[in-house]
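**Student:** have a look at this prediction, sequence included:
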Amino acid sequence: MSKPYVLFIESEYAQSIEINRISKKPVLCTANFEMIFESESLMYNLKSGKHLPFLRKHALKVRDKLRQLK
């Protein structure tokens with residue numbers, strides 16, 4: 001099972017904006033090496049820590065503890 005994309009890469013600025021608008025995921029525009037992330041999904045914002053940063057911090061602690069158990 002493949003994981004959903006979390007970042008798109010596009011060489012045209014206008015198309016980068018459109019991809020971001022439709023996908024709600026960040027786009028790296030290689031025309032000017034700018035990250036386009038005006039439209040962000042709720043899941044992206046939670047994972048990045050933009051919304052409810054304490055949840056991300058707690059999840060990272062849990063992940064690290066699980067990795068130590070392996």
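**Tutor:** Done, it's in. Treat the numbers as computed from the prediction; the structure is a model and nothing was measured.

**Student:** show me where the protein has its strands.
**Tutor:** Using DSSP state E, the strands of the chain run over 8-10, 27-29, 34-36.

**Student:** highest mean neighbour count across the ones you listed, which stretch is it?
**Tutor:** strand 27-29 (a mean of 20; mean count of other Cβ atoms under 10 Å). C-beta here means a position set from N, CA and C on the backbone, and glycine is covered the same way.

**Student:** isn't Tyr13 right up against Phe33?
**Tutor:** No. Counting by Cβ atoms under 8 Å, Phe33 is not a contact partner of Tyr13; they are 10.8 Å apart.

**Student:** and the pLDDT at the residue nearest to Asn45 when sequence neighbours are not counted?
**Tutor:** Nearest non-adjacent residue to Asn45, counting by Cβ to Cβ, 6 or more residues apart in numbering: His51, 4.4 Å away. pLDDT for His51: 75.

**Student:** then Asn32?
**Tutor:** So Asn32 comes in at 90 (pLDDT).

**Student:** burial check on it, number of neighbours?
**Tutor:** 8 (other Cβ atoms under 10 Å).
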